[in-house]
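> structure here, sequence nowhere to be found:
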């Protein structure tokens, strides 16, 4: 795992033989077993961006999410997180850093593919094998533990190039950080036949507990019946460390096994169990996206434990409240459109598809009453929580979930808060309004954003809300605020990103203005990611210049991230050079490696591993999960 991004990763001396520093002891030099011979278990999806300049999916963690738009936590931020100061953790910026990936994917230039697509376009072609993989193999011998760990993530993301042996060697590295990263890299591969590697680590009581936790998460994500049964038994064993059990609880939300759901319900409702593990189980029940879990989560919203209530509030927002038939119908409609456009649909197949669509449409209508009842119950529970729960974080999470679910009751509740001059949830209401994407709320968000004397953090939340809503009409005002040197620098960064999220040309001039200015690394970091989101001819050249000329290592890191998003040949060559430059700061090499992994990944949607960080209750104090989700 890459180290704390607030400071350059620690550097260590490679092993005597010039390798990446293999784990000492028996088995350290044993050759990697042959890779699984079977094909992939379906197309594993592509990672999502992590910004405003905070990294890609798989970005380095070991620290809290940043509180500034530039993406790297300041020392003050890290100290506040380490001290557990509730006031800091209740800020909306933490929620945004953990959740922004899934929203920024809507706006990322040129990489979004329809639901059901297995692979996105591959503009790099042969460069993946001739440039990216060799660069990663060289980086796997870097003297920095953080860079070697980043290489393990990148190997996982470029997982169809025969990297199993590279990752297996990473599991033998002397650094536990690299071994953790190797476990996650193997998780990206998604091969059920990898299970023995995870199993051996989970059952090794002499292994670092966090490495065991990462392996347990990987084993749970494989969703193989035998693997699921084993991790369920570990989850139910109270003698196991909470770090390991919590990782399993978090991973089982991605399982398709009904038994996994039953175990999660039992753990979440067990008042005698560790509240941290219960909270992870509750979060997974939401991420599993099953209507039947809504009632359990609503019940947990009145649990004695604030940690469990927070997860329940987030979990309800993760449920899409759509029937199974409707989900299948949506996929069938997308498939029909794609097949018709490609001319691949025969008359006989077309007739069968139309019959299936008609059947799914009828089933979907029959499910509507059940869906409406579940949704209504969830909204009532969340309204009560956001209005009455004594824990501010529970109330805030409930409000964002209301925004994700949407509907008239949610809009009314959010509007009432926005209309207030002051309210404890004012900033969160801006985010929630954006999540609803309701035009009815936009004027209230704009008014709060433009209000003179308003807290810059509240205004920044309103800006992100406008970006989430895709409010084209606000693009110009956001861009103007971004270049206003009289505004708070952090606010300017959030405005720049929000303007880019609208996709309007006004953002381009603002990005140029910021990049041409001197002396504000935080804004340069935000501009680098914003530029990659809007994408245009010459974007790669600007980012290469930023990577080359900036004296700030975090600006260099942000530039590498932007280059990884663009996935252009010139950008990829610049990344390979940055990743292998021994004179570059370790953080720049680290981000260069991660961005290479992203550029070489042609999978179409975030893999299960990445989704673990979505709707995640970051207030739970489990070190391994704190570090794990900061990486995703």
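That came through, no problem. Everything numeric in this text was worked out from a predicted model, so none of it was measured.
> how about residue 391: what's its closest non-neighbour residue?
Nearest-residue entry for residue 391: residue 306, 4.5 Å, with adjacent residues in sequence omitted and distances by Cβ to Cβ, 6 or more residues apart in numbering. Bear in mind the C-beta positions are built from the backbone N, C-alpha and C, glycine included.
> mind checking the end-to-end distance for stretch 134-150?
15 Å (Cα to Cα, to the nearest Å).
> all helices for the stretch 251-400 of the chain, in order.
258-269, 275-287, 293-300, 306-318, 324-342, 347-388, 392-405 (DSSP state H, counting those that start in this stretch).
> how about CSV for those, with mean neighbour count added?
Compiled in CSV, those are given as follows (neighbours: other Cβ atoms under 10 Å):
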stretch, mean neighbour count
helix 258-269, 19
helix 275-287, 28
helix 293-300, 22
helix 306-318, 28
helix 324-342, 15
helix 347-388, 15
helix 392-405, 25
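> least confident of those helices, on average?
For those, the stretch scoring lowest in mean pLDDT is helix 324-342; its value is a mean of 82.
> now do that helix and helix 347-388, the angle between them.
For helix 324-342 and helix 347-388, the angle between their directions (axes from the mean of the first three to the mean of the last three Cα atoms, to 10 degrees) works out to 130 degrees.
> sorry, back to before: shouldn't the residue nearest to residue 391 be in contact with residue 393?
Yes - with contacts counted by Cβ atoms under 8 Å, residue 306 reaches residue 393, the gap being 7.2 Å.
> okay, and for the chain, where does confidence drop off?
Counting by pLDDT under 70, the chain contains low-confidence residues at 1-87, 105-124, 160-161, 536-537, 603-609, 626-632.
> burial check on the residue nearest to residue 451 when sequence neighbours are not counted, number of neighbours?
Nearest non-adjacent residue to residue 451, counting by Cβ to Cβ, 6+ apart: residue 459, 7.7 Å away. By the measure other Cβ atoms under 10 Å, the count of residues near residue 459 is 21.
> show me the contacts for residue 459.
With contacts taken as Cβ atoms under 8 Å, 6 or more residues apart in numbering, residue 459 has the following neighbours: 448, 449, 451, 491.
> and the first one, how far is that from residue 293?
For residue 448, the distance to residue 293 under the criterion Cβ to Cβ, to the nearest Å works out to 34 Å.
> so residue 435 is in which element?
In this assignment (DSSP states H and E), residue 435 forms part of helix 426-436.
> show me where the stretch 51-200 of the chain has its helices.
Taking DSSP H, counting those that start in this stretch as the criterion, the stretch 51-200 of the chain carries its helices at 75-83, 86-89, 92-104, 127, 133-139, 145-157, 164-170, 176-189, 195-202.
> for the helices of the stretch 251-400 of the chain, which one sits closest to residue 96?
Closest of the helices of the stretch 251-400 of the chain to residue 96 is helix 392-405, at 9.9 Å (criterion: Cβ to Cβ).
> can you tell me what sits against the helix or strand just after the closest one?
Remark: after helix 392-405, the chain's next helix or strand is helix 408-419, criterion DSSP H and E. Contact partners of helix 408-419, identified using Cβ under 8 Å, 6+ apart, comprise 379, 383, 386-387, 399, 402-403, 423, 425-426, 429-430, 432-433, 436, 438, 440-441, 444-445, 447-448.
> redo that, cut-off 6 Å
With Cβ atoms under 6 Å, 6 or more residues apart in numbering as the contact definition, helix 408-419 has outside contacts at 379, 383, 402, 423, 425, 429, 432, 433, 438, 440, 444, 448.
> next, the buried residues of that helix.
Judged by neighbour count (16 or more other Cβ atoms under 10 Å), helix 408-419 contains these buried residues: 410, 411, 413, 414, 415, 417, 418.
> same check on stretch 154-168?
154, 155, 156, 157, 158, 159, 163, 164, 166, 167, 168.
> please tell me I have it right and the fifth one contacts residue 600.
Yes - Residue 158 is in contact with residue 600 according to Cβ atoms under 6 Å; the separation is 3.9 Å.
> and residue 260, how far is that from residue 620?
The value you get for residue 260 to residue 620, if Cβ to Cβ is used, is 20 Å.
> actually residue 226, not the one I wrote
29 Å.
> so between the two, which is more surrounded?
residue 620 (23 against 12).
> how about that one, secondary structure?
Secondary structure, DSSP: H, G, I helix; E, B strand; the rest coil: residue 620 is coil.
> what about it, distance to residue 216?
From residue 620 across to residue 216, the span is 16 Å (Cβ to Cβ).
> can you check residue 625 too?
Relative to residue 216, residue 625 is positioned 11 Å away (Cβ to Cβ).
> what do you get for residue 228?
12 Å.
> higher neighbour count, those two?
Each of residue 228 and residue 216 has its neighbours counted (other Cβ under 10 Å); residue 216 has more, 31 against 23.
> so what's the more buried one up against?
Contact partners of residue 216, counting by Cβ under 6 Å, 6+ apart, are 202, 244, 247, 248.
> next, the angle helix 195-202 makes with the helix or strand harbouring it.
In this structure, residue 216 is located in helix 209-221 according to DSSP H and E. For helix 209-221 against helix 195-202, the angle between stretch directions is 150 degrees (the same axes, to 10 degrees).
> so after helix 209-221, what's the next helix or strand?
From helix 209-221 onward toward the C-terminus, using DSSP H and E, the following helix or strand is helix 225-235.
> contact partners of that next one?
Contacts of helix 225-235 with the rest of the structure, by Cβ under 6 Å, 6+ apart, involve 195, 219, 220, 240, 245, 248, 249, 255, 257, 260, 263.
> just the buried members of the residues you listed?
Members of the contacts of helix 225-235 that pass the buried threshold by neighbour count (16+ other Cβ under 10 Å) are listed as 195, 219, 220, 240, 245, 248, 249, 255, 257, 260, 263.
> using the three-state scheme, assign the fourth one.
This points to residue 240. Using three-state DSSP, the secondary structure recorded for residue 240 is coil.
> what's the separation between the closest residue to it other than its chain neighbours and residue 284?
Nearest non-adjacent residue to residue 240, counting by Cβ to Cβ, 6+ apart: residue 234, 5.5 Å away. Plainly put, residue 234 is 15 Å away from residue 284 if you go by Cβ to Cβ.
> for residue 390, same thing?
Residue 390 is 25 Å from residue 284, where distance means Cβ to Cβ.
> and what of residue 131?
In this view, residue 131 and residue 284 are 39 Å apart by Cβ to Cβ.
> over to residue 493?
For residue 493, the distance to residue 284 equals 33 Å [Cβ to Cβ].
> residue 192: what's it in contact with?
Residues in contact with residue 192, defined by Cβ under 6 Å, 6+ apart, are 222, 224.
> and residue 302, how far from residue 398?
Residue 302 is 12 Å from residue 398, by Cβ to Cβ.
> number of nearby residues for residue 391?
Residues within reach of residue 391, counting by other Cβ under 10 Å, total 18.
> can we start the residue count at 54 from this point?
Let's use 54 as the start, then, which means that last one is residue 444.
> quick check: phi and psi on it?
Comment: the main-chain dihedrals of residue 444 come out as phi -90, psi 120, following degrees, to the nearest 10.
> report the buried members of the contacts of helix 461-472.
Buried members of these, counted by 16+ other Cβ under 10 Å: 432, 436, 455, 478, 482, 485, 486, 491, 497, 501.
> kindly reformat those residues as JSON lines containing distance to residue 609.
As requested, the buried ones among the contacts of helix 461-472 are exported to JSON lines (distance: Cβ to Cβ, whole Å):
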{"residue": "432", "distance to residue 609": "46"}
{"residue": "436", "distance to residue 609": "46"}
{"residue": "455", "distance to residue 609": "40"}
{"residue": "478", "distance to residue 609": "37"}
{"residue": "482", "distance to residue 609": "37"}
{"residue": "485", "distance to residue 609": "35"}
{"residue": "486", "distance to residue 609": "36"}
{"residue": "491", "distance to residue 609": "40"}
{"residue": "497", "distance to residue 609": "40"}
{"residue": "501", "distance to residue 609": "35"}
